[in-house]
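Trainee: Sequence and predicted model, in that order:
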Amino acid sequence: MLVILIALIGLAGWSEMDASGFQVWYQPGMEKFARMIRSQAPEAKKYMEGRLQQTFEQPIRIVVSSNSEFGKIQPGSPPEWASATAYPDQNLIFLKPLARQDIENFNQTFLHELAHLLIHQRLNGRPVPHWFDEGMAVLASGEFSFDRFQTLARIGVSGQYLRFSELDQGFPFNTNLAQLAYLESEDMVSFIMDTLGPKKYGQLLGRIADGDDFYTALAKLSGMPFSELEKNWLHRLRYRYGLALALGGSGSIWFLVSILFIIAYIKKKIQTRQKALELDSGYNMDPEDEEDDEEFDDEPYWH
């Protein structure tokens, strides 16, 4: 199938850009987005390698196409709302820039799909709960919004959320519930990383890659069953947001959330600006920091 894809792209007059560890194929009119990917991809890969505590050598192919070609040049039928798909077994990503999508959101979409590929390789393709995979991908992409911050506050105050056992195999089709599932998953993965620390978190990924069951490995390293971890996660949310509610009433929680969001938003903008300056100056991270014809038989990720 990959050979057929390469032939079709060649016949259609597409162009190609190469970066360290990446091949970027793009349709006429998509050069701006292709150049953005080429400049960002190597640094993003090194960053994720540090988070996943492993170096990845296999080349990654990225296809940037228009809306009309997006569904035609890939296997399967991605939903109409999807702007990106990832096929981990083939190290292949398809991207479709949206008409009103800004560069920052396009970057996040690319990083999310890249994370899925590298997570799949890090875990040797071993199955993990859907929420854990998606939570790691959201963390890696740096997605952030005030609505998501508010939702965490509501969970902390009300104690109402989607149980993670319900998200093991997939997320709800309802858009609002799916967004809630992504948010919870990101925060739970962040909580697990904080609980275990970098060393034990790396051990968790290693045990999964060796074939251990996710929940069994997590329980051994954390010293508690997942049900207890889930209670502790909820307690952290309640502690963060419930205290303000108890001290000052319902209005104070949203005032506090707003202040915390502004601080976090400013920090993220500073980090984004710094990354842009690093890219413009040809910045490269220190390495010490941390074509086959197969069938596409794995389930793709789409966003």
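Mentor: It's in. Numbers count the residues shown, from 1 in each chain.
Trainee: The closest residue in space to residue 167 that isn't next to it in sequence - how many residues pack around it?
Mentor: In space, residue 167 comes closest to residue 131 once its chain neighbours are excluded; the distance is 4.1 Å by C-beta to C-beta, 6 or more residues apart in numbering. (Glycine included, C-beta is placed from N, CA and C.) Neighbour count of residue 131, defined by other C-beta atoms under 10 Å: 24.
Trainee: so residue 131 sits in a helix?
Mentor: Yes. Counting by DSSP: H, G, I helix; E, B strand; the rest coil, residue 131 is located in a helix.
Trainee: so who does it touch?
Mentor: 164, 167, 168, 171, 181, 184, 185, 188 (C-beta atoms under 8 Å, 6 or more residues apart in numbering).
Trainee: can you check residue 201 too?
Mentor: Residue 201 neighbours (C-beta under 8 Å, 6+ apart): 192, 193.
Trainee: mind listing the strands for this structure?
Mentor: 15-19, 22-26, 60-64, 84-87, 92-95, 301-302 (DSSP state E).
Trainee: Quick check: neighbours of the fourth one in the sheet, parallel or antiparallel?
Mentor: Yep, that's strand 84-87 we're talking about. strand 92-95 (antiparallel), strand 301-302 (antiparallel) (DSSP bridges).
Trainee: Comparing these, which yields the minimum mean pLDDT?
Mentor: Among the strands paired with strand 84-87, strand 301-302 carries the lowest mean pLDDT, a mean of 60.
Trainee: pLDDT below threshold where in the stretch 1-150 of the chain?
Mentor: Scanning the stretch 1-150 of the chain for pLDDT under 70 picks out 1-12, 76, 79, 81, 98-104, 143-148.
Trainee: which stretches of it form helices?
Mentor: Assigned by DSSP state H, counting those that start in this stretch, the helices in the stretch 1-150 of the chain fall at 2-11, 31-52, 67-70, 103-122, 130-141, 146-158.
Trainee: Deepest-packed of these, please.
Mentor: Stretch with highest mean neighbour count among the helices of the stretch 1-150 of the chain: helix 130-141 (a mean of 23; mean count of other C-beta atoms under 10 Å).
Trainee: Now do that helix and helix 146-158, the angle between them.
Mentor: 130 degrees (axes from the mean of the first three to the mean of the last three C-alpha atoms, to 10 degrees).
Trainee: Pull helix 130-141 out as CSV, backbone CA atoms only.
Mentor: What follows is helix 130-141, C-alpha atoms only, in CSV (Å, rounded to 0.1, in the frame of the first residue of the first chain):
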residue,chain,number,x,y,z
HIS,A,130,-7.1,4.3,25.4
TRP,A,131,-7.1,7.1,27.9
PHE,A,132,-3.4,6.5,28.8
ASP,A,133,-2.3,6.7,25.1
GLU,A,134,-4.4,9.8,24.4
GLY,A,135,-3.3,11.5,27.6
MET,A,136,0.3,11.1,26.8
ALA,A,137,-0.3,12.5,23.3
VAL,A,138,-2.2,15.5,24.6
LEU,A,139,0.6,16.3,27.1
ALA,A,140,3.2,16.0,24.3
SER,A,141,1.3,18.3,22.0
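Trainee: between that helix and helix 31-52, how many degrees?
Mentor: 120 degrees.
Trainee: so helix 130-141 versus helix 103-122, what angle?
Mentor: Using the same axes, to 10 degrees, helix 130-141 lies at 130 degrees relative to helix 103-122.
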